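Enquirer: I'll drop the sequence and a predicted model, then ask my questions.
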Amino acid sequence: MKAITYTTFGGPEVLNLEEVAEPHAGPGQVRLKVVAAAVNPLDHKIRNGWMPQMAPPFPVTPGSEAAGIVDEVGEGVTGVAVGDAVLGWTVTGAHAEYALATDFALKPADLDWDTAAALPVAVETSVRVLDELKIGEGDTVLVHGAAGVVGAVGVQLAVARGATVIGTASPRNHDYLRSLGATPVAYGEGLADRVRAAAPQGVDAVYDAAGQGDLPLSIELRGGTDRIVTIADAQAFELGVVFSGGGSGPFGSRLAEYARLVVEGKLGVRIAQSLPLADAAKAQELVETGHATGKVLLRPVG
């Protein structure tokens, strides 16, 4: 099968489209014929060697989330059959023609492939963080990086819980945030004053999906470190802020619920581009440079 691989850390140029051996489903696994696979910031962070503790052994096939057709079902797997369409997390690298998965959900027939592949990480991350923050009716939550894919899902889910959301973003994304039910504020000098003007009653919680150094400001606005969670700023460890860096267990059973919300028009994910698998370097560069407005996908076939 064809897969993206790299054998050394570095820039996008280390990525190669190679012919590799196909994986096969073992106990508890299904094999997917990948239709669409998402590109995430974690992919280029691992590729650059910035997170060696998370890097699998070389050669590496990047990518975690995908949507595809089940074509092998391993021993002990129930509730899914060959031919079913699913979305979820791969364990062998999603940027390939075939990948193995253990945590997944059936894809609604009327959910398009690109959106299906874009959902797992953003939904699981935001549900986890909002649960950690105990966001509920009447809360005012500040979301940093609110126009990014993960942040925007967090905005929508917080609004659905009855929270008032203040979202930081560049001015070009302010209308988008308003469409999600958030009050947008611009990044940069004077941000604390703009947040106070937007939320004169104060901020009850902070969800940092950006990792752009706004934790000290967030602590100032909160008056302490409680109810602040970041998914992207390593400064959290020295500041005493919670860093939420991974899932707490299988999420596939809950993912189906959120996939249905997308079909019903109650949750949305912006798609920036869908590129052929051979353009993996371009796709990672788009994500790494921040030039993509929405999720970038790879299509191994078609």
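Expert: Sure, I can see it. Because the structure is predicted, anything quoted here is derived from the model rather than measured.
Enquirer: what's residue 102 sitting at in phi/psi?
Expert: The phi/psi pair for residue 102 (degrees, to the nearest 10) reads phi -120, psi -20.
Enquirer: pLDDT value on it, please?
Expert: For residue 102, the pLDDT comes out at 96.
Enquirer: quote the end-to-end distance of stretch 192-206.
Expert: With Cα to Cα, to the nearest Å as the measure, stretch 192-206 spans 13 Å from end to end.
Enquirer: what bridges to the nearest residue to residue 236 once chain neighbours are set aside?
Expert: Leaving aside its chain neighbours, residue 236 sits nearest to residue 243 (4.1 Å; criterion: Cβ to Cβ, 6 or more residues apart in numbering). For every residue, glycine as well, the C-beta is placed using N, CA and C. On the basis of DSSP bridges, residue 243 is bridged to residue 230.
Enquirer: ok, residue 243 touching residue 233?
Expert: Yes. Using Cβ atoms under 8 Å, residue 243 is in contact with residue 233, at 7.5 Å.
Enquirer: next SSE downstream of the host helix or strand of residue 262?
Expert: If you go by DSSP states H and E, residue 262 is part of helix 252-263. Once the chain leaves helix 252-263, the next helix or strand it forms, by DSSP H and E, is strand 271-276.
Enquirer: same for that next one, what does it pack against?
Expert: Judged by 3 or more Cβ pairs under 8 Å, 6 or more residues apart in numbering; DSSP states H and E, strand 271-276 is in contact with helix 113-133, helix 280-289, strand 295-299.
Enquirer: swap in 6 Å and give it another go.
Expert: strand 295-299 (3 or more Cβ pairs under 6 Å, 6 or more residues apart in numbering; DSSP states H and E).
Enquirer: strand partners of the strand it packs on, parallel vs antiparallel please.
Expert: Applying DSSP bridges to the sheet, strand 295-299 is found paired with strand 30-39 (antiparallel), strand 271-276 (parallel).
Enquirer: now those strands as CSV including distance to residue 128, mean pLDDT and mean neighbour count?
Expert: Below are the strands paired with strand 295-299 laid out as CSV (distance: least, Cβ to Cβ, whole Å; pLDDT from 0 to 100; neighbours: other Cβ atoms under 10 Å):
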stretch, distance to residue 128, mean pLDDT, mean neighbour count
strand 30-39, 18, 98, 26
strand 271-276, 23, 97, 18
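Enquirer: so how far is stretch 147-154 off the chain centroid?
Expert: Offset of stretch 147-154 from its chain centre (Cα atoms, centre = their mean, to the nearest Å): 8 Å.
Enquirer: quick one: contacts of that stretch?
Expert: With contact meaning Cβ atoms under 6 Å, 6 or more residues apart in numbering, stretch 147-154 is reached by 122-123, 125-126, 143, 145, 169, 173, 176-177, 207, 209, 295.
Enquirer: coming back round to it: residue 188: which of the strands paired with strand 295-299 is closest?
Expert: For the strands paired with strand 295-299, the distance to residue 188 is smallest for strand 271-276, at 23.7 Å, taking Cβ to Cβ.
Enquirer: tilt between that closest one and helix 280-289?
Expert: When axes from the mean of the first three to the mean of the last three Cα atoms, to 10 degrees is applied, the directions of strand 271-276 and helix 280-289 differ by 160 degrees.
Enquirer: which SS state does residue 188 fall under?
Expert: coil (DSSP: H, G, I helix; E, B strand; the rest coil).
Enquirer: how near is it to residue 200?
Expert: To residue 200, residue 188 is 21 Å away according to Cβ to Cβ, to the nearest Å.
Enquirer: residues contacting the residue lying closest to residue 68 once chain neighbours are set aside?
Expert: With Cβ to Cβ, 6+ apart as the criterion, residue 68 has its nearest non-adjacent residue at 3.5 Å, and that residue is residue 32. Contact partners of residue 32, counting by Cβ under 6 Å, 6+ apart, are 68, 99, 101.
Enquirer: whichever of those residues end up buried, select them in PyMOL.
Expert: Command for PyMOL that selects the buried part of those, burial taken from 16 or more other Cβ atoms under 10 Å:
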select buried, resi 68+99+101
